[in-house]
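[1] fold the following for me, if possible:
(one chain, ligands or ions: 1)
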Amino acid sequence: MTDGVMDIFDFLKKHAEYSENGIVSRDHVAKAGLTMNPNFLSLLLDNKRTRKLFFVEVNDIAIFDKIEFQRFIKSKEFLPNNYTKFQQNIGLTVENNFLSDLNGVTLQWPYKDCVLEGGQMNDKESRNEPFWNKYLNTEEISKLLTRKVLHENHLFSNEDKTMNDLLELEKFNQIIKGNNLLALHSLKRRYENKIDVIYIDPPYYFKEKKGSDTFSYNSNFKLSSWLTFMRDRLEVSRKLLSDDGVIFISTNEDGLYHLKIIAEEIFSEEYPYIANFIWQKRAGGGNDSEAISTNHEFILTFGSANAFQKLPFDETQLKKYNLEDEKIDTHGPYTTKNLHDSSLQDSKGLHFDIECPDGSILRGDEHQWKCNEDTFNERLNDNRIVFKRIQKNNSWSVHYKIYLWENKGKLIYDKNGKLVKKGIVPNSFLDPKKVGRNGDATKELKKLFDGKPVFSYPKPTKLIVHLLQMIENKNALVLDYFAGSGTTGHAVLELNQQDGGNRNFILVEQMEYCKSLTQERIVRCMSQNDYKSSFIYSEMLERSATYILKIQNAQSTKDLMDIFDEFKDTNLVSPVIDYEEVAEQIHSLNIVEIKDFLLEILNQNVAYLSALDIEDETFSIDSDVKSFNKKYYGE
Ligand SMILES: C[S@@+](CC[C@H](N)C(=O)[O-])C[C@H]1O[C@@H](n2cnc3c(N)ncnc32)[C@H](O)[C@@H]1O
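    Below is the predicted model:
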């Protein structure tokens with residue numbers, strides 16, 4: 001057997017438990033080592049090479065170095081053929097800590113170990129997603145993920161702030177145009193462990209491929225590509241989240257179960273699972289569904305339970321708690337309830353005489369009270385009983401007080417001893433009247449854009465407002481890196497206006513509409529509602545990304561040949577390309593094939609200019625941009 005690193009296990013060929021048809025099985029080797037199978041360990045000990053590789057000698061005793069063994073079997077050299085095992089077979093494996101160091105449930109899928117850029121930039125075309133590890137080594141991947149130069153920086157402010165004023169703050173509102181994976185890695189520099197809330201609405205995974213894609217861009221991911229795509233982004237998200245951070249992830253049902261498991265794997269140690277909200281996206285319709293019309297989606301939520309608060313009462317509820325007494329500062333306002341209640345199960349203790357303020361008696365044999373006499377007397381002494389005159393018969397009714405911040409007569413404190421001012425406990429079923437549906441979102445966006453339909457399937461602002469309201473921190477820094485039409489930014493501004501908070505947003509959007517739609521929505525939202533606010537719009541400085549877009553938009557072979565002529569003289573093309581041969585043969589391909597080919601030879605690893613190269617004269621970066629980047633990245 002000549003199979004690279006597997007050669008060292010050649011001696012296991014003779015052992016049926018570790019081989020199949022005379023070939024040593026990677027799976028069996030991995031499993032036996034990870035479960036520290038004694039027979040397997042003794043074979044490793046007997047072999048000089050494996051003894052040296054996987055054991056450390058301490059006082060003449062050989063100790064199995066499981067971490068080294070794990071590192072070894074996770075190496076790319078050991079793994080390649082194993083991808084075939086996963087290729088058709090995405091699913092759950094219990095106690096297989098083979099790709100993950102975590103115990104428990106692991107989700108495996110092909111190419112879990114690679115980085116997927118997800119570089120769709122134009123909403124008309126789908127793109128075959130490249131797996132970077134097909135042709136990038138670790139060093140190149142780290143280069144791919146270095147922070148990028150931000151340019152085209154524009155300030156929008158209706159509160160007399162300058163760009164420098166904002167840059168000097170710890171946080172400010174920002175919109176960034178560029179690939180979201182690379183933007184997230186750029187944000188790490190300034191905001192690692194500082195983002196309080198992340199809301200994302202990524203492209204969904206659909207089990208059944210859609211001929212016409214409902215999002216008008218690429219939702220037709222393969223499950224494995226989609227999971228890799230999500231995994232890469234969620235991993236950086238975790239690094240960005242603050243200690244009390246929370247992440248909300250919108251998803252449909254097709255992607256839910258796999259997504260929940262990767263998210264558990266990534267977040268649960270620091271940011272446990274909180275809830276899976278159900279959002280009713282439409283009230284009816286779906287008549288074209290085969291059996292059942294699915295009218296809801298989910299919002300998977302992980303984070304610190306400390307971050308959540310009770311929701312404020314709405315106006316109807318507040319009208320109910322409209323009375324005040326000497327306990328107002330400690331117990332909040334109160335409402336009253338009748339103490340007489342014959343609907344409860346009767347018991348002797350609930351019948352006793354009560355003396356009214358004028359000395360008249362309400363007799364126990366004519367009344368069934370809600371509590372026994374002792375409790376009544378306690379309430380009376382604590383000024384919790386109210387007598388109300390009944391005009392028509394000149395009699396009395398007895399009532400007891402219920403304070404807003406109490407639960408069953410006791411004030412509620414949180415873990416830190418802080419009084420919980422009782423509100424509504426957020427519910428995992430989101431009330432459509434409160435949070436709106438798809439239709440409401442489309443309408444509100446159309447209204448902002450003079451009645452024109454500018455975006456398919458935005459989320460309603462009310463939905464994001466509701467999620468943000470659950471978070472106690474009114475100064476939260478909120479990130480949405482699938483910003484779309486900018487709903488999250490809109491929600492941040494609206495909620496600040498409502499409750500006097502000072503939340504900030506960071507929106508990332510890579511599609512071309514980032515300026516015309518995402519930025520424009522926030523501008524219109526500020527001016528139409530007179531929200532005093534400021535934000536900076538920036539773009540990640542493109543290198544090969546410019547050409548990716550041009551290729552995607554090209555309408556003819558001639559357009560494509562012009563683009564090829566343009567970029568062939570840059571260092572953005574693989575050096576092994578023979579231009580003359582390409583120029584000759586390219587005409588025999590159809591337009592889709594030419595696009596694929598050009599994207600293939602374009603070095604997408606340098607989609608954007610790294611901030612580390614900002615001083616390089618080849619790129620002639622102007623001094624304003626340099627100074628912005630220095631301040632932004634704190635260099
Ligand atoms: C439905 S939109 C989000 C809408 C947003 N919540 C709103 O209310 O307007 C989905 C996001 O997925 C992104 N997206 C779609 N296809 C993609 C792909 N192939 N690669 C990367 N991002 C993609 C879009 O850029 C957009 O940010």
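[2] who are the contact partners of the residue nearest to Asn438 when sequence neighbours are not counted?
    Take Asn438 and drop its neighbours on the chain: the residue closest to it by CB to CB, 6 or more residues apart in numbering is Lys281, 4.8 Å away. Every residue, glycine included, has its C-beta placed from N, CA and C. Contacts here follow CB atoms under 8 Å, 6 or more residues apart in numbering; on that basis Lys281 touches Asn295, His296, Glu297, Arg437, Asn438.
[3] out of those residues, the closest to the ligand would be?
    Of all those, the one with the least separation from the ligand (CB to the nearest ligand atom) is Asn438, at 10.0 Å.
[4] show me the contacts of Lys281 that map onto strands.
    Assigned to strands by DSSP state E, the following of the contacts of Lys281 qualify: His296, Glu297.
[5] among the contacts of Lys281, name the buried ones.
    By the neighbour-count criterion of 16 or more other CB atoms under 10 Å, the contacts of Lys281 include these buried positions: Asn295, His296, Glu297, Arg437, Asn438.
[6] next, the first one: phi, psi?
    When read as degrees, to the nearest 10, the backbone of Asn295 gives phi -110, psi 10.
[7] ok, it - contacts?
    With contacts taken as CB under 8 Å, 6+ apart, Asn295 has the following neighbours: Gln280, Lys281, Arg282, Ala283, Gly284, Gly285, Gly286.
[8] how close does the last one sit to Ile292?
    Distance, Gly286 to Ile292, using CB to CB, to the nearest Å: 8 Å.
[9] so between those two, which is more surrounded?
    For the pair Gly286 and Ile292, the greater number of neighbours falls to Gly286 (10 against 7), based on other CB atoms under 10 Å.
[10] could you look up the SS state of that one?
    Reduced to three states with DSSP: H, G, I helix; E, B strand; the rest coil, the structure at Gly286 is coil.
[11] excluding its backbone neighbours, what's nearest it?
    Using CB to CB, 6+ apart, the nearest residue to Gly286 is Ser293, at 2.6 Å.
[12] quick one: residues contacting that neighbour.
    By CB under 8 Å, 6+ apart, the contact set of Ser293 is Gly284, Gly285, Gly286, Asn287.
[13] next secondary structure element downstream of the longest strand seen in the chain?
    Of all segments of type strand in the chain, defined using DSSP E, the longest is strand 241-251. As assigned by DSSP states H and E, the chain's next helix or strand after strand 241-251 is helix 253-267.
[14] separation between Ser538 and Asn179?
    14 Å.
[15] looking at those two, which is more packed in?
    Relative neighbour count places Asn179 above the other of Ser538 and Asn179, with 26 against 22, counting by other CB under 10 Å.
[16] doesn't Met540 make contact with the more buried one?
    Yes - Asn179 sits in contact with Met540 when judged by CB atoms under 8 Å, with a separation of 7.2 Å.
[17] quick check: neighbours shared by the two?
    When contacts are counted by CB under 8 Å, 6+ apart, Asn179 and Met540 have Tyr608 as shared neighbours.
[18] number of residues surrounding Ile601?
    17.
[19] again with Ser186
    Under the neighbour criterion other CB under 10 Å, Ser186 is assigned a count of 27.
[20] adding pLDDT and distance to Ser395, write the contacts of Lys281 out as TSV.
    As requested, these are arranged in TSV below (pLDDT from 0 to 100; distance: CB to CB, whole Å):
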residue	pLDDT	distance to Ser395
Asn295	94	52
His296	96	52
Glu297	97	55
Arg437	97	50
Asn438	95	55
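[21] redo the contacts of Lys281 as CSV? Include distance to Tyr191.
    Output for the contacts of Lys281, formatted as CSV (distance: CB to CB, whole Å):
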residue, distance to Tyr191
Asn295, 36
His296, 33
Glu297, 28
Arg437, 32
Asn438, 31
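[22] which of the contacts of Lys281 come close to the ligand?
    Filtering the contacts of Lys281 for proximity to the ligand (criterion: CB under 6 Å from any ligand atom) leaves nothing.
[23] helix, strand or coil for the residue lying closest to Glu168 once chain neighbours are set aside?
    Spatial nearest neighbour of Glu168, chain neighbours left out: Lys631 (7.7 Å); criterion: CB to CB, 6+ apart. Per three-state DSSP, the secondary structure class of Lys631 is helix.
[24] circling back: backbone dihedrals for the residue nearest to Asn438, please?
    In this entry, Lys281 is assigned phi and psi values of phi -80, psi -30 (degrees, to the nearest 10).
[25] number of nearby residues for the residue in the chain that the ligand sits nearest to?
    Checking the chain residue by residue against the ligand with CB to the nearest ligand atom singles out Gly484 as nearest, at 2.5 Å. Here the number of neighbours of Gly484 (other CB under 10 Å) works out to 23.
[26] just Leu479 next, same as before
    The tally of other residues near Leu479 (other CB under 10 Å) stands at 29.
[27] which element, helix or strand, includes it?
    For Leu479, the element it lies in under DSSP H and E is strand 477-480.
[28] in its sheet, what does that strand sit against?
    Partner strands and pairing direction for strand 477-480 (DSSP bridges) are strand 195-200 (parallel), strand 504-509 (parallel).
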